[in-house]
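Participant: structure for the following, please:
(one chain, ligands or ions: 1)
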Amino acid sequence: MSKKILVFGGSGLVGSKFIEIYNKTFEMLSPLASEVDILDKERLLKIVSEFNPDSIINFAAYTNVEEAQKQVGDKNGICFQINAVGAKNIAEVCKNLNKYLVHISTEYVFDGTKENAPYVEEDSPNPINWYGDTKYSGEKFVLESGVGGAIVRISMPYSPYYELKKDVARFFLEQLKSGNPIAAIEDQRITPTLVDDIANALNVIVERKVLGLYHVSARDSVTPLEFVKTIAETFNLDYRALSSITFDEYNKTKTAKLLKYSWLNPSKFEKEFGEGILHSVEENLITFKKAVDSRASN
Ligand SMILES: NC(=O)c1ccc[n+]([C@@H]2O[C@H](COP(=O)([O-])OP(=O)(O)OC[C@H]3O[C@@H](n4cnc5c(N)ncnc54)[C@H](OP(=O)(O)O)[C@@H]3O)[C@@H](O)[C@H]2O)c1
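Facilitator: Model (predicted):
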């Protein structure tokens, strides 16, 4: 009999890919927020008891970084409630019912000042915006609950298709295709990660029920400017309308401060689970292109 996985946030950018790839491997249940609100602990307790899953994955989050900043300091605000209190509720229910939990987090728990190398699990969080703050609170609540499980930090996920939200790769691809001028940051480091790699990494994590903290991201890093050029080259598109902007210039235009060094190092994951699950930025873009092309031809 296949294992049962209960997924929160399965309609989102990342969770929907995990479900798309693994819905035949596992018996999965993925309630919408309207069906199971993670802020309703009684409801959570009921669904976990009734479905009785082997594992739970929590992708549910408030992910609008700019909107989040307007709620800075407000623990009754929706961002803190979902990212911190919701995570706490799920962790406590899992602890009570002795269930394995994978909680998804972000590189935004860091401050983005580490310029010599991407962030490893031993680096100390120090969030610089409210979204990061609430996600870090969520991590701490998960740890404090004493639940058996893993916290998996991911970085800049992108998908070949996801109607509800644009991501960094589809945004740049669209701009390149339409010939619009693009100003991309020349001095920020990022580890944009195809959602397929994240889903495949989560699959091995839930299969082995490992405990602890993991960074899951592209194996190498780029600047956004390099990323746009690589997208253009992969898709054979002209990038003459591409110009560069500095991180400081770009960051000035934002309500929520961004991370200059917005990068993760997935070496711990690869050491434990082997190479071949995660890919480089360039390899991921080739897979991304195949999926975009195949969708366009269907
Ligand atoms: N996107 C990024 O750039 C990024 C970067 C790093 C890390 N992450 C992390 O990756 C995870 C997944 O992010 P994502 O981009 O896939 O998220 P997303 O597309 O914004 O989707 C959010 C999900 O959370 C669910 N949700 C929101 N409020 C809820 C509630 N009260 N009860 C139950 N479910 C609720 C939504 O369900 P409904 O559709 O039913 O409302 C939706 O499925 C999050 O932990 C996020 O912090 C994301």
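
Participant: okay, helices next: where are they in this protein?
Facilitator: Taking DSSP state H as the criterion, the chain contains helices spanning 15-22, 41-51, 65-69, 78-80, 87-96, 130-145, 168-178, 195-208, 224-234, 247-252, 267-273, 281-296.

Participant: and the residue of this structure closest to the ligand?
Facilitator: Nearest residue of the chain to the ligand (Cβ to the nearest ligand atom) works out as Gly12 at 2.4 Å. For every residue, glycine as well, the C-beta is placed using N, CA and C.

Participant: ok, and the closest non-adjacent residue to that residue?
Facilitator: Phe59 (5.4 Å; Cβ to Cβ, 6 or more residues apart in numbering).

Participant: just list the residues touching the one you found, thanks.
Facilitator: Val7, Phe8, Gly9, Gly10, Gly12, Val14, Gly15, Phe18, Ile104 (Cβ atoms under 8 Å, 6 or more residues apart in numbering).

Participant: returning to what we had before: dump the helices of the chain to TSV, plus distance to Asp187 and mean pLDDT.
Facilitator: Shown next, in TSV, are the helices of the chain (distance: least, Cβ to Cβ, whole Å; pLDDT from 0 to 100):
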stretch	distance to Asp187	mean pLDDT
helix 15-22	30	98
helix 41-51	43	98
helix 65-69	20	98
helix 78-80	29	98
helix 87-96	33	98
helix 130-145	20	98
helix 168-178	16	97
helix 195-208	25	98
helix 224-234	9	98
helix 247-252	5	96
helix 267-273	24	98
helix 281-296	17	96
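
Participant: could you dump these to TSV with distance to Ile185 and mean neighbour count?
Facilitator: Supplementary listing: the helices of the chain in TSV, determined by distance: least, Cβ to Cβ, whole Å; neighbours: other Cβ atoms under 10 Å:
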stretch	distance to Ile185	mean neighbour count
helix 15-22	26	21
helix 41-51	40	15
helix 65-69	16	18
helix 78-80	25	21
helix 87-96	30	23
helix 130-145	18	22
helix 168-178	11	18
helix 195-208	22	21
helix 224-234	4	20
helix 247-252	5	14
helix 267-273	25	16
helix 281-296	15	16
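
Participant: now render the ones you listed as CSV, adding distance to Pro118.
Facilitator: Converted to CSV, the helices of the chain look like this (distance: least, Cβ to Cβ, whole Å):
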stretch, distance to Pro118
helix 15-22, 23
helix 41-51, 34
helix 65-69, 20
helix 78-80, 26
helix 87-96, 24
helix 130-145, 16
helix 168-178, 17
helix 195-208, 15
helix 224-234, 15
helix 247-252, 16
helix 267-273, 9
helix 281-296, 12
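
Participant: next, format those helices as CSV and append distance to the ligand.
Facilitator: Output for those, formatted as CSV (distance: least, Cβ to the nearest ligand atom, whole Å):
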stretch, distance to the ligand
helix 15-22, 5
helix 41-51, 9
helix 65-69, 8
helix 78-80, 8
helix 87-96, 9
helix 130-145, 6
helix 168-178, 8
helix 195-208, 8
helix 224-234, 14
helix 247-252, 16
helix 267-273, 15
helix 281-296, 15
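
Participant: nearest to Tyr119, of these?
Facilitator: Closest to Tyr119 of those is helix 267-273 (Cβ to Cβ; 11.0 Å).

Participant: name the residues that touch the closest one?
Facilitator: For helix 267-273, using Cβ under 8 Å, 6+ apart, the contacting residues are 120-121, 201, 204-205, 208, 210, 214-216, 219, 277-278.

Participant: tabulate those residues in a markdown table, adding columns for distance to Leu258.
Facilitator: Formatted as a markdown table, the contacts of helix 267-273 follow (distance: Cβ to Cβ, whole Å):
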| residue | distance to Leu258 |
| --- | --- |
| Val120 | 21 |
| Glu121 | 22 |
| Ala201 | 24 |
| Val204 | 31 |
| Ile205 | 28 |
| Arg208 | 34 |
| Val210 | 31 |
| Tyr214 | 23 |
| His215 | 19 |
| Val216 | 20 |
| Arg219 | 22 |
| Ile277 | 28 |
| Leu278 | 24 |
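
Participant: which ones are touching the residue of the chain closest to the ligand?
Facilitator: Phe59, Ala60, Ala61, Thr63, Leu164, Lys165.

Participant: contacting residues around the fourth one?
Facilitator: For Thr63, the contact set (Cβ under 8 Å, 6+ apart) comprises Gly12, Leu13, Tyr131.

Participant: can you report phi and psi for the second one?
Facilitator: Backbone torsions for Leu13, taken as degrees, to the nearest 10, come to phi -50, psi -50.

Participant: and it, what pLDDT?
Facilitator: For Leu13, the model assigns a pLDDT of 98.

Participant: isn't it up against Val168?
Facilitator: No. Contact between Leu13 and Val168 fails when scored by Cβ atoms under 8 Å: they sit 11.1 Å apart.

Participant: thank you kindly, that will do.
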